[in-house]
Each structure stands twice: as structure tokens, then as C-alpha cells.
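J.: Give the three-dimensional model of this entry:
(2 chains)
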Amino acid sequence: MLRKVPALLLALLLATGLAWAQGEDPPPAESAETGETAETAEEAALVGEVEAEITASTVSSTLGDGMVAPGNIVVADYPNDAGDGLLLYFDPGSEADNENFAGYAIYRRTLGEEELLLVGTIDADEGAEFVDGYDPDFIVEPGVQYEYQVAAMYLNGAEVPSDPVTAQEVASGQIYHAGKTRVLVGCVLFLGLILFYFHAAQRGVEMYLRPIAGIEAIDEAIGRATEMGKPILYVPGLSTISDVATIASITILGRVAKKVAEYGTPLLVPNRDPIVYTIAEETVKQAYMEAGRPDAFDKDSVFFLTQSQFAFVAGVNGIMMREKPATNFYLGMFWAESLILAETGSLSGAIQIAGTDAVTQLPFFITTCDYTLIGEELYAASAYLGREPKQLGSIKGQDACKGIIMAVITLGLLLALTDIIAGTETLDWLKSVVTMPIVD
Amino acid sequence: MTETIGLWVAALFTIGIYSFLYKENPLYRLAEHLVVGVSTGYGITVTYTNVIQPRFVEPIANGEPGAWILVVPALLGLLYITRFFPNAAWLSRYPMAFLMGAGMGIGFPLSMKASVLRQLEASLIPLYETGMAWDVVIGNVVMVLGTLAALIYFFFSKPHKGPFFGTGSKIGIWVIMVGFGATFGFTVMGRISLLIGRIQFLLGDWLHIIK
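T.: Model (predicted):
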């Protein structure tokens, strides 16, 4: 009999261990202490089961079957923002080990309020960090004290919430974005170089510009239209005025319009963007005044067509086939309409000069137009046309900026070779110095 | 019935627009003027519904805190209307100047980050690492040297002569053209699928010749 005691003890221990492992709650200590009857204990268990079922789809504080409430919630002001974000992180506990674990739900309320609002969720594989304030429906107000609750979510719909925690910090804005220091350094360096050459040009330093066929052909194209007595079509792209290509195009339009005014050639400038339209009209009017021909300016020559991309193309195509312009300029930002425009212009027999910084559209212009300004050539075109010292200086400054970029890439190339030969990690060091970390 | 009418209208206008491939004709002209007019009218409605109403009218009408500041850009925008009155037309230059200045001011640091620093970061890559496939190694070398050559091509203040600028710019324009060729092929594939979509509409939804 005595020999069976260890075996019985072992069996008892195993049974207890299994019960614990399955997460069965021990009898409530309170009922044990107060000596409640077994009947009362059964009733409590039944109530517990019903409650568990209710909380299957609602917030519950019941912990069972390996469910763990997140803890140690820390709320900090989100750095480098306008005061509309809070960073929340917490101790994930052991949820990640639970195969039924689905993620976290983040609840928030203003201090003193009752109702907790669901402001976001985190998927199971997204860690235990949340930035509050991204959702425009639940904006974070600067200076407001919030309370947060994080609930672990399970696949069966149950949620195990933490206790509500008062945020340790309130959202506040920063004037300086520390994550963009390298962008600032780059801007200052590049602007400094451009200003340096700008002033050098003003002092009378001679500056060379290599010939660009597309730009030299602009005068020729205007002359052709004048000789033929046909209009010139100028499309300043389809983008808004905040696009660099549009700004470059408007500058070139001023130069073209001045020549057109001098020669007395008709000009057609259809526009897609209402703001670009007004600026283009002002530019052309100004060019006619500079040419000493304000009376020759026809305000119907610059017009708004429509904002719809392909309706605009249909309209311009119709103009090309009806008015038969001798020269077509497509300078600015273009998208899928580039080929349709340029192909129609080609069919109409016009000489065509295009220029854009849209890499995906350049191949279509190259194949269908007589001359194409590729990327930065478009930006440089106004300096080429004007030949003003200031603009020549800015081109020289931009070249100096490109020289710096080339020097960094060459240094990177040499360091990459050094890493291969010596087994070092110098390239990572260069990257960390030059470009990282830039925080959005 | 309504759906059938819509289908016929869509099909006839599709044919009208495609008739331009033959030559400019009255049917194309009808389709062109209708699409321009309808899209402009639609655009005005969308602008009011999606921009003016939720971003200006509603915050003001609901008395949202701080909404009064919206009156400033609204007044600035209204200055555009002064273009209709020659004596006051000069006022329309203020919103234009604001937009040009803001556009360039916002655009400069964004371009510096996206077009310069991020591109620079992407160019600083290891040429070879243990276990790297040979084609990846060649790709990395071509990418770094190609970037340098393309940059040389865009030097405007130096004559493209000599071993560095002359040869470098020639290699650069070749690299650029090879890149454009790849982009051309890729984009044409996308355009062909658009054409297939319209043909499917005409032959399937409209004529029921294909399923």
C-alpha cells in the first residue's frame, strides 16, 4: 500500500497540473473563507460561464484560457509633429504565444468622460506600439489629457482589457522637426551654392552653357509658324501650379509668348487647371506688354478647357485637327494623355517640342515629337532662352549640386569596394552620415 | 431600360471617339464637345461637394472652434473673381503670388528629400555581399555607374567633350534611353489592356458577341 503512495501523489500532482495548464480557475477564495455551500459555488460558476459568453463579443476583464491583459501602458507625446499625435506603447505580456491572439484594440477617452472610444487596432504581428491621431475621425487635441485602455483581442471575439490609464503626457507641437535635419542641411547647401553662382553671374563672371537641341529649336519652331501664318499651340501640362514642371513651363511660356508677340503669330494656350490658367493668362499678357504689343494680346488665346484628364485631351486633339497649328509645345507635367496628344499633333503635321520630368511619359514624347526636353533640361530651358546672368548662375549652381551628389555616389562606390576587400562596413557609415535617419 | 440607354450612349460615344482614328469628323466633334462640357459641369459639382462644402461651408455653419480662420483663404480665393472687373483685376495677383510662393516653398524640401536624399540613399548600395547572386551583383554595378553617367549627361555648364564629360555623357544618354525603352514597353502593355477593356465592352456588354 505504501508503495502506491508516491504513484497516487504523482497522479494527484499531474491532475492538478493539467487543471492549471488548462486555465481552470481555482474555487473562489472568498467562498472558501465564508464557507458557502457547494450549491452556491455551482451557481457562481454558471454565472461566470454566462458572463464569459456575453463578453465573447464585448469588452471583458475576465482572464482565462491564456488570455492576458496588456500592462505598463506608457503614453508619450509623438515627436516632431504639430501637436496632434500621441505615442502609446505597452507590455504585450504573453499574448503573442497564444494562437488565438488577434491583436490589440486601443480605447481612448478625455479625462473625466465615461465613454471609451475605439480609436484604432493593432494586428497581432504589428508589435505593441500605436500612434494615436492619424485617424481623422479621432483627432488628438494638443494639450488635452486623455485616458487610454488597451484590450488584447482574440479570434473568438473576446477582448481582455487593461485598466484605464491616464496619459503621462499630453500632445504638444514642435517648431523644429528633428528628423529632417539632413533635409535642412541639403536645402541650405544647395541654396547656398545656387546663390553663390547667382551672385558670381551678377558680378559678370562668364558662364558657359552647352547647347541643347530642343531649346535651340524653339525659336526655329516659332519662326516656322510665323512663316506659315498658322497658330502655335502651347500646352502647359495638366498638373497644378505646385508642380515644378508646371512652374518651369510657365516661365518658358513667357519667353515663347514674347517672341510670338514680336512676330505677331497667333497663340493658343488650353489649360486644365483653373489656377494655372489664370497664371498662364497673366504671363502671356505680361509678355505682350514686355514686347511692346499689349494691344495685340487676345485674351481668348489663353483659355480653360476642362479639369477632366481625357476630356481635356479630346478637346486639345479637336483643336489640333481644326486649327492645324504649325507648332505644338507640350511642356510641363503629363500623364497617360501624352501619347494621344503627341500622336495627334504628329498626324496634323506640326513641328512638336515636348518637355517633361515624368519619366514614364518621356519615351512617348521621344518617339512622337521632333525634340524632347528630358527632365532637368525642361527646368534649364528658361535660363537658356533668357540668357540672363541670374538664371545662368542658377544653372551653374545646380550643376555644382549635381557635382556633390556625384562625389557622394563615387565615395560610396569606393567604400563598397573597400568593404568587399577588407570586410569592413564603411558604406553603412556613409549612409548613416548622408541620408539616415530621415523621419517622415 | 435606363441601363440599356446608358449602354447604347456609352457604346456610341466610344465609337465616336475612336472614329478620330480615321479622321476628325462630326461624330467625334459631338463626343468631344459633350465630354468637355459634361466633365466641366461635373467637376464644378464635385469641387463644391468634396471641397467647398466639407472644408468651408460646414465648419463655418456648425460653428467649429477656430473655423473663422477659413474665411481668410476663402477671401483670398474670391479675389480671383476680380479678374472680371478690369479696374480691380490686379487684386487677383495676390492669390496667384501666394500659391506660387507656397507651392515652391512646400515643394523644395519635399523634392530635396524625395528626389535627392532618398535617391542618393538608393544609390549607396553594396556591390557584392556573401551569397549575392551574380546577376544582382551586375545589376548593382550597372545601377551605380549608370546613375553617375546619367548625372554627367545633365551637366549643362560643361561642354560634353573629353574622356570624362564626353564619354560619360554618351554612356549616360544610352543608359537613359535603355531605361526609357523598358518604360515604353511596360506602359504600352498597360495601354493595350485599356484597349482590350473597351473592345470587351463593345463586343461583350453591348453586342453580346463575346462573353
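J.: Show me the shaky parts of the stretch 301-440 of chain A.
T.: In the predicted model of the stretch 301-440 of chain A, residues A:436, A:440 satisfy pLDDT under 70.
J.: residue of it with the smallest distance to chain B?
T.: Using C-beta to the nearest C-beta, the closest approach of the stretch 301-440 of chain A to chain B is made by residue A:308 at 3.3 Å. (Each C-beta comes from the backbone N, C-alpha and C, glycine too.)
J.: quick one, what contacts that residue?
T.: Shown in contact with residue A:308 (C-beta atoms under 8 Å, 6 or more residues apart in numbering or on different chains): B:35, B:36, B:39, B:40, B:42, B:43.
J.: Just the buried ones among those, please.
T.: B:35, B:36, B:39, B:40 (16 or more other C-beta atoms under 10 Å in any protein chain shown).
J.: Make JSON lines out of the residues you listed and add secondary structure and distance to chain A.
T.: Converted to JSON lines, the buried ones among the contacts of residue A:308 look like this (DSSP: H, G, I helix; E, B strand; the rest coil; distance: C-beta to the nearest C-beta, whole Å):
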{"residue": "B:35", "secondary structure": "helix", "distance to chain A": "4"}
{"residue": "B:36", "secondary structure": "helix", "distance to chain A": "5"}
{"residue": "B:39", "secondary structure": "helix", "distance to chain A": "3"}
{"residue": "B:40", "secondary structure": "helix", "distance to chain A": "5"}
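J.: from those, which two are the most distant?
T.: Using C-beta to C-beta, the buried ones among the contacts of residue A:308 span at most 9.6 Å, a distance reached by B:35 and B:40.
J.: Overlap in contacts, these two.
T.: A:308, A:311.
J.: After the worst-scoring helix or strand of chain B on mean pLDDT, heading C-terminal, what element do we hit next?
T.: Least confident helix or strand, chain B: helix B:93-111 with a mean of 88, by mean pLDDT, DSSP states H and E. Next along the chain after helix B:93-111, taking DSSP states H and E as the criterion, comes helix B:118-123.
J.: of the buried ones among the contacts of residue A:308, closest to residue A:350?
T.: residue B:36 (21.1 Å).
J.: Return the residues in contact with that closest one.
T.: Residues near residue B:36 by C-beta under 8 Å, 6+ apart: A:305, A:306, A:308, A:311, A:312, A:314, A:315.
J.: So it versus residue A:318, what's the distance?
T.: Separation of residue B:36 from residue A:318 (C-beta to C-beta, to the nearest Å): 9 Å.
J.: Ok, residue A:163 next?
T.: 69 Å.
J.: same check, this time on residue A:357
T.: As it turns out, when the distance is counted by C-beta to C-beta, residue A:357 lies 27 Å from residue A:318.
J.: Then residue A:354?
T.: On the measure of C-beta to C-beta, residue A:354 and residue A:318 end up 20 Å apart.
J.: the more surrounded of these two?
T.: Neighbours per residue (other C-beta atoms under 10 Å in any protein chain shown) separate residue A:354 from residue A:318, with residue A:354 holding more: 29 against 20.
J.: Please look at that one and residue A:373 and confirm they touch.
T.: Yes. Counting by C-beta atoms under 8 Å, residue A:354 does reach residue A:373; the two are 7.1 Å apart.
J.: Please enumerate the shared neighbours of these two.
T.: Each of residue A:331 lies in contact with both residue A:354 and residue A:373 under the rule C-beta under 8 Å, 6+ apart.
J.: Strands of the stretch 101-250 of chain A, start to end?
T.: In the stretch 101-250 of chain A, strands defined by DSSP state E, counting those that start in this stretch lie at A:101-110, A:117-123, A:129-132, A:146-154, A:159-161, A:165-166, A:232-235, listed in chain order.
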